[in-house]
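**Q** Model the structure of this input:
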Amino acid sequence: MMFYPAVLSRLSFFYPVGNTPAVNLTQHIPSTKKADLLLLGCGDVRNVLFTAYMNASRSLDITCCDIEPATLARNILLLSLLVEDETQTDPDTLWSVYYHIFLEEKSLEALDKQACRLYAASASWEKWQESKYAALFKFCDRSSLSMIRNVWGSYRVLQMTEQERQERNQRFLAELRLARERKKLFVGKEGQVITGPRSLAPAAMLELLDIAKLYKFYWEKGTTNATEDHRQYSQAALPNPLFTSPSGKLADLHYGTDPLLGFHLALGYCPITKGSPFSTSSSSSSSSSKDSNLHKAVRAARLEFSEWCLSFKNASKTCILRFFVGDALAFCHALQSRSSDGQSLNTGIFRGQYISEAISMNEEDYCDTGPGPRCFDVIDTSNLADHFGVINFLTAAAPLLHGPNSALYTEFLLRQAKPTKALSESLLCGPLSTMTLLLGLYPVEFWSNATAIPSSEESLLSMSFQQAGPAGSQRQEHHRVMWRNSMFSLSSAPLHWNEEELARTLHHVYLKMFEFEDLAHVLTKSDRPAAYTSKRTLYHRGSFALLLRHIKLNQMTDWDKVKGILLKSLIDSSNTRTALEHQFDLFTQLHLSYSRSLIPCESRVVMKTALDFRSWDPIPALVAVTLEVPRSALRAILNIQAETLGLPVLQCKLKETRESPVDGIVHLFGSVQLAIGHVSTSGERNEPEFHLNIANDDKRFAGKCPLFASFYAPASLIYDGFESMQVALVVQETSEIGPILRVTLGPTLEIFSTDLQSKSSVYISKYLPNTSGYPSILQEASNSGQEENEGFGRQFTIKLQPDSDRVQTVTGKVSFISEKPRSILKAGCAVETVFQVPNIVDVKLKGSDSYRLAYPVPIDGNKTKARVARTSAWIEIIAPLVEPGRYQAGLMYPFTTYGDDLTYLNMPRVDLDQLPEIDVRKPSEIQWLNVHVGGMFTSKERPMKNGLIPTDTLCDLKDSLFTLFAGFAGVQGQKSNLFAINNPQDGGIHLIILPRALLFDTSNRSVVIDAAVLPLTLVLIPEIKEFLACLMERGMLCSKATADELKLWKTLLPAWVERCRTWEHRSTCEYRRGGKVPVSLESAQPVLCSCGSHSLPLDYGLDDIPGMNKARKYLVRAAISPVFSSRFSDSDADFLSPPRQRVLPADQCGLCKKTKSETGKNLLRCSRCQKKYYCSAQCQKADWMFHKQACVAAKSST
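**A** Predicted coordinates for the structure are as follows:
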């Protein structure tokens, strides 16, 4: 049984390298000593290498899962070369071996030698454990090692005879020609893959054409050895076996393959300070990575690769990499089954589609006390959710998260056919707030509408795709979403749901998951279910059953009642043909994954004389049906070109023909396991021990073996119709596939059909082939009804809106157990509630303690209602949810405190010393900063910034941040390295920021200012008055802030400090003692805890400022980044429309907001439009980039 619909998989691609820039996988978790990472669909090594570079002092245990053994084989070969003691392979050879389609002799020899070493070391499981590689490279099961070893064997081309090599090389060249022709089918003869801007962001978005030429060069020459004018710098002609399968096949190479796109190419297009290892203008070294003859983008990529490789080599002694070859969803469920019982090593879960082998984990690492991780700090699912469904991945991976500080990443390529919030709800098949509560997973940015990761470049790329793509192309945007299993510090009690409301919601989710099946509905809907780029269904009934299981394990309700209401509503609403046809499939999957008592072993007369399963005693609730489809039946569909056919979904059909051979009752089953190979049996068909074994044929559709389709079905259904029922393999109809296949297969789209009694084509067994039991995926719920503390209990109840599935309120309930609060409450004491943004309500009893309710999601504290039951001794606080995306200062960067860690959930951590520094002495070369930082302003905020409508606090903060970045970089004329937040109505300057450097936050394709911050307090000012006086004399760039903006600066400041913190919080930390962050928002009171005092590095600089010796201990390092809006809940900045005229009062400069000119006289007016004022010609010149189009528009209208 697989965890997604079965497809006729002829259209497949080999992805040897990734085409999105590398990310630091640990950036959202605490900087603890060790991190366990799970990479599903891991792809190439770029994320592993970059993460090792950004975590030089952290131990990493990384589990890599990929369905393609060649992907993992080439990864291990490169990484083992890096740490090989016998040879010191230079970075350029490593680069060629891993990334070039053609090699020079030196690189091929290095590859061959390492392949021979690995092949010899992996001769057996025991030999690998004794090898020098075993400490770093481990395998989750024996089959993974065996499959990868086969690939290593194929890499040993120098061990072949001359004739064998020539024949292989000829196949290689022929396959490469086919791959190039196949590429043209997808991108056109002169087409280009326009994902380059992701790697060029944020500094070189306009260099797309340059990157497109490098992509073309790579596919023509097979190397990245391009010069600035796109000529070939050096020759290479020997085929690289790392780009082929073991059989030497290359035609499946993905058309988007481009090694450069996995790196941060902006480093090659903007000035990086000399002396940085990432400066492409640094003096030449022995490495050709810095050879000035190479194209600057190539040099930038090779420099990064070289630094990352060195970091990995240094970190290899404290790291472990584990490898599993197989399906990602299957692996997750196998780990879940291991987590639940700790005993069974054979999970009964198939390794993958077309692989008839059940996963059996390595007993040494994955026994009950083994060291192999089964829960993880980070789970990255790459873009697999695009192909296999986000709900499938959330239910499979979420139970494997360690705790509140863990992170789960999903990526999507979505059609921008409707608003982003509607898209996100379409992906989850229900209202996002409701589904996140049900799943127990929270996309924090959905609520906060704030992030340090920009989306503006993705919007530009999306528009470029729409303009450059074929006619009628829709905008496509790449979304990387982080999910947390908790949004706040205090763990809330289990959530209670009303049974009728929950059943209604689950019913609607079910209908949404399978709306593709109702073809008439899809064709008539103007708003088609087109969130995904995929045009096929991504779920089967097993997906829904697993979703129910996941919800059942995490939520509280009367599940028997929910089950009854849900099943009744599903049956009552099954008035469409498709719904009726899938009923037995649904019951089967619920029995397997949700409740083994759902389908009882119904009493059927045991037919002792039958030569089939009807003579089994007892007859089980389910039986496995395996249909053998002869190769001749496949010929019709295999004759259609794979690119035309796509990936049609296959289902098995049982048709009762007792009353009508033509119009018989049809039952469809979507959870089908496919295999191609040879079948053998053991036992007799009339015995329960009858068993099938299928040996896989690696040639699959290119071979001659039959196809086997296996599925579970209720035994009672098959028993009753055994003598009059047919079984068939059919193609699920869609609007795209139907017209193609109806001519060949007929109106029913049957590939092959036969009588269920056929002994030559049908096998009925107790379990699926190659297994000895049901898959180990059933767990029991463990939640208690109420979270109990000392003297009181808490619970939360969800109320949905009466006419929709959206959450209306969350009710928190405090039940008093101790006698003291019970008696005080009964005596009529006053009850007070105090709300703390964004989710805390403190319930205070006069004369007693305070009792805290920590809601699981943000609530609107101004609209809460209290209910008090004095006799029963409980208090309820009914709270509506905050509208997602609505501004709340305390919600922008929520945090958790787990143990000694303080973690901001949507603020990525950075190691400032590892980031490339941008040379701000060349402002003319970094003008892109205006556009990038300007991407903070959404289309809703642009009118505020332009003065057309009243501004708000968040827009004011972004305006000040823009001034900070532009002022420090000097990209608008005025330049300063002293910055202050000034509130004239409350004593003047409250916060001093001393920027040291502008850095590339390469992982997030953004920028960050490395700064020392100093919040001023009444106690501090007298002690550092000399320092402050000197700063005032030097002149500071001041941003005038309202009281609300100042509070917002204070709220965000701890987040910017925490994200780059290298020091530890003490037991006396003010955050911990006061129970809140920041320490205070009050005027002239401490903002940051004192744990960071004396932490500023001695080599940080600023020593030339008098009084620095006294001020240094109060300065704290911070990583200040722009505040971007989330794509979940707000629109991006509109870069295509010109900035509109900002109508400012005459007493305020249009740029710096000064009220007087430099000479103390009245402000100057723009002579062209007469509507904007400036304090100086310099400010007017700096603002001209933004004002000129609005100025022209204003002049024209006049």
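
**Q** and the one helix or strand residue 957 maps to, average pLDDT?
**A** In this structure, residue 957 is located in helix 953-969 according to DSSP states H and E. The predicted model assigns helix 953-969 a mean pLDDT of 94.

**Q** got it, and stretch 323-336?
**A** Here the average pLDDT along stretch 323-336 is 95.

**Q** residue farthest from the centroid of the protein?
**A** Most distant from the centre of the chain: residue 609, at 56.6 Å, with distances by Cα atoms, centre = their mean.

**Q** what residues are up against that residue?
**A** residue 615 (Cβ atoms under 8 Å, 6 or more residues apart in numbering). The C-beta positions use only the backbone N, C-alpha and C, and glycine is treated the same way.

**Q** from here on, count from 743
**A** OK, 743 is where the count begins now, so the last one is residue 1351.

**Q** Tell me the strands beside the following helix or strand past the helix holding residue 1699, with direction?
**A** Scanning forward in sequence from helix 1695-1711 by DSSP H and E, the next helix or strand is strand 1721-1725. Neighbouring strands of strand 1721-1725 in its sheet, by DSSP bridges, are strand 1730-1743 (antiparallel), strand 1779-1782 (parallel).

**Q** How far does the shortest one sit from its chain's centre?
**A** With Cα atoms, centre = their mean, to the nearest Å as the basis, strand 1779-1782 stands 38 Å off its chain's centre.

**Q** Stretch 1240-1259 too?
**A** 25 Å.

**Q** Give the rounded mean pLDDT of that stretch.
**A** On average, stretch 1240-1259 scores 93.

**Q** Same question for stretch 1506-1521.
**A** On average, stretch 1506-1521 scores 87.

**Q** What residues of it count as buried?
**A** 1506-1513, 1516-1519, 1521 (16 or more other Cβ atoms under 10 Å).

**Q** Secondary structure and distance to residue 1625 added to these, as CSV?
**A** Below are the buried residues of stretch 1506-1521 laid out as CSV (DSSP: H, G, I helix; E, B strand; the rest coil; distance: Cβ to Cβ, whole Å):
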residue, secondary structure, distance to residue 1625
1506, strand, 55
1507, strand, 54
1508, coil, 53
1509, coil, 50
1510, coil, 48
1511, coil, 52
1512, coil, 52
1513, coil, 49
1516, coil, 44
1517, coil, 41
1518, coil, 42
1519, coil, 37
1521, coil, 35
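
**Q** between those, which is nearest residue 1828?
**A** residue 1521 (47.5 Å; Cβ to Cβ).

**Q** hang on, isn't residue 1078 packed against residue 1143?
**A** No: using Cβ atoms under 8 Å, residue 1078 makes no contact with residue 1143, being 11.5 Å away.

**Q** Residue 1919 - how many residues pack around it?
**A** Residue 1919 is flanked by 12 other residues according to other Cβ atoms under 10 Å.

**Q** Revised request: answer the last question for residue 1407.
**A** For residue 1407, using other Cβ under 10 Å, the count is 15.

**Q** Just give the nearest non-adjacent residue to it, would you?
**A** residue 1398 (4.4 Å; Cβ to Cβ, 6 or more residues apart in numbering).

**Q** May I see the domains of the chain written out as residue ranges?
**A** Domain assignment for the chain by automatic domain parsing gives 1235-1265+1281-1341, 1349-1516, 1534-1624, 1649-1875, 1880-1940.

**Q** Farthest pair within the buried residues of stretch 1506-1521?
**A** 1506 and 1521 (28.7 Å).

**Q** could you point out where the stretch 1743-1892 of the chain is predicted with low confidence?
**A** Scanning the stretch 1743-1892 of the chain for pLDDT under 70 picks out the ranges 1871-1889.

**Q** same thing but at 50, please
**A** 1876-1888 (pLDDT under 50).

**Q** how about the helices of the stretch 1243-1392 of the chain, start to end?
**A** 1261-1266, 1283-1296, 1301-1314, 1319-1323, 1325-1335, 1373-1380, 1384-1387 (DSSP state H, counting those that start in this stretch).

**Q** Other residues contacting the last one?
**A** In this case it means helix 1384-1387. 750, 752-753, 924, 927, 1379, 1479, 1482.

**Q** give me that answer again for 6 Å
**A** 752-753, 927 (Cβ atoms under 6 Å, 6 or more residues apart in numbering).

**Q** is it possible to export those to TSV including pLDDT?
**A** Below are those laid out as TSV (pLDDT from 0 to 100):
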residue	pLDDT
752	83
753	77
927	84
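
**Q** and residue 1281, what are its phi and psi?
**A** phi -130, psi 150 (degrees, to the nearest 10).

**Q** Tell me the buried residues in stretch 1008-1028?
**A** Buried residues in stretch 1008-1028 (16+ other Cβ under 10 Å): 1008-1015, 1018, 1020-1022, 1024.

**Q** which one of these sits closest to residue 1134?
**A** Closest to residue 1134, out of all of the buried residues of stretch 1008-1028 and judged by Cβ to Cβ, is residue 1008, at 34.8 Å.

**Q** can you tell me the helix or strand for the nearest residue to the closest one once chain neighbours are set aside?
**A** Among residues not flanking residue 1008 along the chain, residue 945 sits closest, at 3.8 Å (Cβ to Cβ, 6+ apart). Using DSSP H and E, residue 945 sits within no helix or strand.

**Q** looking at it, residue 945 is touching residue 1011, isn't it?
**A** Yes: using Cβ atoms under 6 Å, residue 945 is in contact with residue 1011, at 5.5 Å.

**Q** Quick one: find the helix or strand in this structure with the lowest mean pLDDT.
**A** strand 1529-1531 (a mean of 56; mean pLDDT, DSSP states H and E).

**Q** before we move on, the earlier item: can you put the helices of the stretch 1243-1392 of the chain in TSV and add distance to residue 1711 and mean neighbour count?
**A** Output for the helices of the stretch 1243-1392 of the chain, formatted as TSV (distance: least, Cβ to Cβ, whole Å; neighbours: other Cβ atoms under 10 Å):
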stretch	distance to residue 1711	mean neighbour count
helix 1261-1266	51	12
helix 1283-1296	47	23
helix 1301-1314	58	16
helix 1319-1323	59	16
helix 1325-1335	55	23
helix 1373-1380	60	15
helix 1384-1387	48	14
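
**Q** Those: which one's closest to residue 1780?
**A** helix 1283-1296 (50.3 Å).

**Q** Pull the closest one out as PDB, backbone CA atoms only.
**A** C-alpha atoms of helix 1283-1296 as PDB (Å, rounded to 0.1, in the frame of the first residue of the first chain):
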ATOM      1  CA  ARG A1283      -9.100   7.300   0.500                       C
ATOM      2  CA  GLY A1284      -6.000   6.200   2.500                       C
ATOM      3  CA  SER A1285      -4.900   9.800   2.600                       C
ATOM      4  CA  PHE A1286      -8.200  10.800   4.300                       C
ATOM      5  CA  ALA A1287      -8.000   7.900   6.700                       C
ATOM      6  CA  LEU A1288      -4.500   8.900   7.700                       C
ATOM      7  CA  LEU A1289      -5.700  12.500   8.200                       C
ATOM      8  CA  LEU A1290      -8.400  11.300  10.500                       C
ATOM      9  CA  ARG A1291      -5.900   9.200  12.400                       C
ATOM     10  CA  HIS A1292      -3.600  12.200  12.800                       C
ATOM     11  CA  ILE A1293      -6.400  14.400  14.000                       C
ATOM     12  CA  LYS A1294      -7.700  11.700  16.400                       C
ATOM     13  CA  LEU A1295      -4.200  11.500  18.000                       C
ATOM     14  CA  ASN A1296      -4.100  15.200  18.600                       C
END
